[in-house]
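> Quick one, structure for this:
(one chain, ligands or ions: 1)
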Amino acid sequence: MLTVRAPATSANLGSGFDVFGVALERPADIVRVEKADRTTIEVTGAGSQFIPEDPKKNTVGAVAEALDAPAHIHIDKGIRPASGLGSSAASAAAAAVALNLLYDRGYTREELVPIAAKGEAVVSGEAHSDNVAPAILGGFTIARDDGVTRLNADVPLVACLPEIVVSTRDARRVVPDGASMSQVVETVRNASTLTAGMARGDPELVGRGMDDPVVTPARAKLIEGYDDVREAAFDAGATGVTISGAGPAILAACYEDDRHEIASAMLDAFDDNGVTSRAFKTRVGRGAERL
Ligand code: HSE
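All right, here's what the predicted structure looks like:
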């Protein structure tokens, strides 16, 4: 029997739609695996009542099948589903790392990324690796079709999760079909700025690079209070604010000393909109690890 912790992640970071991702120091899912003749799944913790335990419908079931590694799998959710914080990716990443060790399959961490992404496809309908890559590898990741580039990064963040449910499928439906050349230029400028900021550990550059003229404005309409929460976070010192993943969590980049004030401001702004929320004072963190 062995246990692996995999972190929440935030994909996109505004300008890097379906490409960028970061591992968050907290929250996290914890997955325990034990060899068995066939795969069975038990889920406890945050939002577990909404997660199917049927291996054909659960992310970790697809991972166990891909690795030919049947097991009793217990998932303790620290990240509720449909949050924008990579909930299903964390479970898939933890299961991939755990089952690879349990059955001594010998895959490298990089090779486990597309395997865990297959699990992701079970819930979102498409295999994205922008959440599973940082959940497995940690740090800041750039997901391509042919692999992942990873950078160590240390940037303070606040993630504020409202009690609203936005499914990834719905959030993808509102993504515009195209972008103008000026939007493309702005996106490239911001994405490059953000990458430089991650490499330098510079919250100012990371924040500036989070602006996205295409996807985020379309999705913001699905999150009650988004504009107010964004403005409140900036007023409290955030260097950048965007939707985390497909939402509804909102992510702010900042300096360490401002995290507390930003978290309070975001919570208050959601509250003023009649929405209960929870804030995580976090930072770019490590990938999945055996406990
Ligand atoms: N990049 C994805 C999206 C995140 O924003 O829809 C979910 O994998």
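> tell me which element residue 242 falls in.
Assessed by DSSP states H and E, residue 242 sits inside strand 240-243.
> near the ligand, which residues of the stretch 151-291 of the chain?
168, 171, 172, 245, 246 (Cβ under 6 Å from any ligand atom). All C-beta spots, glycine's among them, are computed from the backbone N, C-alpha and C.
> for the stretch 1-150 of the chain, same thing?
11, 12, 18, 124, 128, 130, 131.
> Select the longest strand from this protein.
Counting by DSSP state E, the longest strand found in the chain is strand 20-35.
> after it, next one along is what?
Taking DSSP H and E, what comes next after strand 20-35 is strand 40-45.
> from the chain's centre, how far out does that following strand sit?
Strand 40-45 sits 20 Å away from the centroid of its parent chain (Cα atoms, centre = their mean, to the nearest Å).
> After that strand, which helix or strand is next?
That would be, after strand 40-45 and using DSSP H and E, helix 59-66.
> Now do the buried residues in stretch 63-80.
For stretch 63-80, the neighbour count (16 or more other Cβ atoms under 10 Å) marks 63-64, 66-67, 69-71, 73-80 as buried.
> Tell me which two in the residues you listed are the farthest apart.
Across the buried residues of stretch 63-80, the longest distance by Cβ to Cβ is 27.4 Å; it joins 70 and 80.
> wouldn't residue 79 be in contact with residue 46 here?
Yes: using Cβ atoms under 8 Å, residue 79 is in contact with residue 46, at 6.4 Å.
> what do the two both touch?
In the contact map built from Cβ atoms under 8 Å, 6 or more residues apart in numbering, the residues linked to both residue 79 and residue 46 are residue 27.
> Take the residues of the stretch 151-291 of the chain next to the ligand and write them to a markdown table, including distance to residue 59.
Listed next are these as a markdown table, based on distance: Cβ to Cβ, whole Å:
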| residue | distance to residue 59 |
| --- | --- |
| 168 | 12 |
| 171 | 18 |
| 172 | 17 |
| 245 | 15 |
| 246 | 15 |
